[in-house]
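> Here is a sequence with its predicted model. Questions after.
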Amino acid sequence: MKKITVIHLQIMNLLITGATGLIGRATIKYFNNKGFNISILTTTKMEKLKIHGVKIFYWNPIENMIDENALNDIDVIINLCGAKINQRWTKKTKNLIMDSRVKSTKLIVDTLIRKNIQISHFISASAIGIYPHSFDKIFKENCNEFSNTFTGKVVLGWENEAKKAKNVAINVSLIRIGIVLAKKGGALKPIKTSCFYGFGAWFGNGNQIQSWIHIDDLVEILFFAYRYPGIYNAVSPKSITQKELIKEISKRFVMPSLVPCIPRILSKLLFGEMSEILHDSVNASSEKLVKKGFKFKFNNIEKALDDLI
């Protein structure tokens, strides 16, 4: 199927998965304000969930169950499903992290293909965790070097399933999301709490690069990708080190930092295998977005934190 870049101006029917999460809630609000007709697929039973003006459909990807009525007359799908990464990794939680992304995406794409439902655009969340750890390299979207860690394998599997939507979608976009900063939820909340009480500390030497994104810029990027399809790193143009991030947050509180750093051996004891992502360094580039004309509202960490704290 021939690929084209489309700028849609008419009202579109949009289906969002992962809609009850941090990014999903912000996405609903943003696209609703843009005039989209919104439906969501959720694992929360419908009687427990009410969102004004939004059609709600139930699915359970782990059990391979989906209400296929959710796909009727849909033009665009934004796929945001995925269990939180920042929890202790047991065998059970690792399966959940993997299945909630890979199996969920496979279910919705396979259903589209099986029912031969043609859509305009399939936009799938991804993550910069697809790139390998490096203190020196800058990763662009055309990079063919992928991480061999658990998170790398999760993201690669996630993207591979999303790419299969090319069989039924005119356009397929992948949004490789960095560390999301928001007032409610996301990475900032636990860091802010630690810094408030004087326990803000970086892991290891703190020199690992943190490629971050403000939640408002992230939903703008989703809309930008809707208009200009492609693979994008959803990160700020100005990445910082973990040490710099902690210091910038701590400056906004009276309490001085009482803990200088957390060594790898201690983080391993505290968080288990999940501690690997606390020490990872990924410097993802947003150059492609900028060259295509995207304007960041929060292009430096000071401006972002002033808005969020």
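Received the coordinates, thanks.
> Isn't residue 28 up against residue 21?
No: checked against C-beta atoms under 8 Å, the pair residue 28 and residue 21 is beyond contact range at 10.5 Å. No exception for glycine: its C-beta is placed from N, CA and C like everyone else's.
> The two: who's more crowded?
For residue 28 and residue 21, the more surrounded residue by other C-beta atoms under 10 Å is residue 28, and the numbers stand at 22 against 19.
> Give me the contacts around whatever helix or strand that one lives in.
Taking DSSP states H and E as the criterion, residue 28 maps to helix 22-33. Outside helix 22-33, the residues that touch it by C-beta atoms under 8 Å, 6 or more residues apart in numbering are 14, 16-19, 38, 40, 51, 53-54, 78, 80, 125, 177, 180, 182, 184-186, 215-216, 218-220, 222-223.
> From residue 102, how far out is the closest residue to residue 150 other than its chain neighbours?
Nearest non-adjacent residue to residue 150, counting by C-beta to C-beta, 6 or more residues apart in numbering: residue 94, 6.6 Å away. Computed as C-beta to C-beta, to the nearest Å, the residue 94 to residue 102 distance reads 12 Å.
> again, but for residue 203
28 Å.
> picking up where we left off before, please say which of residue 94 and residue 102 ends up with more neighbours.
More crowded of residue 94 and residue 102, by other C-beta under 10 Å: residue 102, with 23 against 17.
> Quick check: end-to-end length of stretch 96-108?
Stretch 96-108 has an end-to-end distance of 17 Å (criterion: C-alpha to C-alpha, to the nearest Å).
> for stretch 15-30, that is, sorry about that
14 Å.
> Return the distance of that stretch from the chain's centre.
Relative to its parent chain, stretch 15-30 has a centroid offset of 11 Å by C-alpha atoms, centre = their mean, to the nearest Å.
> what comes up buried for it?
Buried positions in stretch 15-30, judged by neighbour count with 16 or more other C-beta atoms under 10 Å: 15-28, 30.
> still on that earlier bit, so how far is the helix holding residue 28 from its chain's centroid?
The answer for helix 22-33 is 13 Å, by C-alpha atoms, centre = their mean.
> which residues sit against the helix or strand immediately after it in the chain?
Reading on from helix 22-33 to the C-terminus, the next helix or strand found by DSSP H and E is strand 37-42. Here strand 37-42 makes contact (C-beta under 8 Å, 6+ apart) with 11-17, 19-20, 24, 28, 31-32, 49, 51, 53-59, 66-67, 70, 74, 81, 108.
> Kindly recompute the last result at 7 Å.
Identification of contacts with strand 37-42 by C-beta atoms under 7 Å, 6 or more residues apart in numbering yields 11, 13-17, 19-20, 28, 31-32, 49, 54-59, 70.
> next one: stretch 242-257
Identification of contacts with stretch 242-257 by C-beta under 7 Å, 6+ apart yields 191-192, 195-198, 200-203, 206-208, 210, 301-302, 305, 309.
> The helix holding residue 28 vs strand 37-42, what angle?
Helix 22-33 and strand 37-42 are oriented at 160 degrees to each other (axes from the mean of the first three to the mean of the last three C-alpha atoms, to 10 degrees).
> Just the contacts of strand 37-42: which are in helices?
The helices, defined by DSSP state H, take in 28, 31-32 from these.
> any chance of those in JSON lines, with distance to residue 273 and pLDDT too?
Shown next, in JSON lines, are these (distance: C-beta to C-beta, whole Å; pLDDT from 0 to 100):
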{"residue": "28", "distance to residue 273": "33", "pLDDT": "95"}
{"residue": "31", "distance to residue 273": "36", "pLDDT": "96"}
{"residue": "32", "distance to residue 273": "39", "pLDDT": "93"}
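> quick one: which of those is nearest to residue 279?
Ranked by distance to residue 279 (C-beta to C-beta), those are led by residue 28 at 34.1 Å.
> ok so, going back, lowest-confidence one in the buried residues of stretch 15-30?
Lowest-confidence member of the buried residues of stretch 15-30: residue 20, scoring 88 (pLDDT).
> any idea how far that residue lies from residue 43?
Distance, residue 20 to residue 43, using C-beta to C-beta: 8 Å.
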